[in-house]
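Enquirer: Starting from these lines, generate the structure:
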Amino acid sequence: MKACKGRSLLMVLASLLWISGAMADSLTIVLSGADASHDKRTGKPIVSLTFPRASSEPLLKWSKENVGKMLELLVDGQVVHRSMLREPLYGGHLQVSDPDWTDGAANDLVRQISKTPNGQVELRSSSQPD
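Expert: Numbering: from 1, shown residues only. So this is what the prediction gives:
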């Protein structure tokens, strides 16, 4: 009986480790602001996200581990934007864009992000392209 309980405990612990490893590719973080503007180099619409200073370190650590992967921005569990994470996120800032965006599309994304419950968004990475 003890061997069975011990084996069950090991299975539970192994499952928790597997789940936590699978979850390591996401980061739930508080957002302090979202603004639509234009890229100074290209003139195309962009959305800039700002995170509180306290979030800078976890955001930088997560982004360093996920450079080169697809980044999904989730609001209330729904993916609202997907693009390649090209560089680590220093200073608590993230700029997202899409070559097909209009000013209206960028503003719509800002409105959608601004409705996030408790100001939290989730960043999730995926090695799969669009």
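Enquirer: use CA for all of it now, contacts and neighbours both
Expert: Will do.
Enquirer: Tell me the spacing between residue 45 and residue 102.
Expert: Distance of residue 45 to residue 102, given as C-alpha to C-alpha, to the nearest Å: 6 Å.
Enquirer: Between the two, point out the one with more neighbours.
Expert: Set side by side, residue 45 and residue 102 show unequal neighbour counts under other C-alpha atoms under 10 Å, the larger going to residue 45 at 23 against 13.
Enquirer: pretty sure the more buried one is touching residue 109, no?
Expert: No - taking C-alpha atoms under 8 Å as the definition, residue 45 is not a contact partner of residue 109, at 11.1 Å.
Enquirer: my read is residue 72 is in a helix, agree?
Expert: No - secondary structure assignment places residue 72 outside any helix; it is strand (DSSP: H, G, I helix; E, B strand; the rest coil).
Enquirer: And for the closest residue in space to it that isn't next to it in sequence, the neighbour number?
Expert: For residue 72, ignoring the flanking residues on the chain, the nearest one in space by C-alpha to C-alpha, 6 or more residues apart in numbering is residue 82 at 4.5 Å. Neighbour count for residue 82, taken as other C-alpha under 10 Å: 20.
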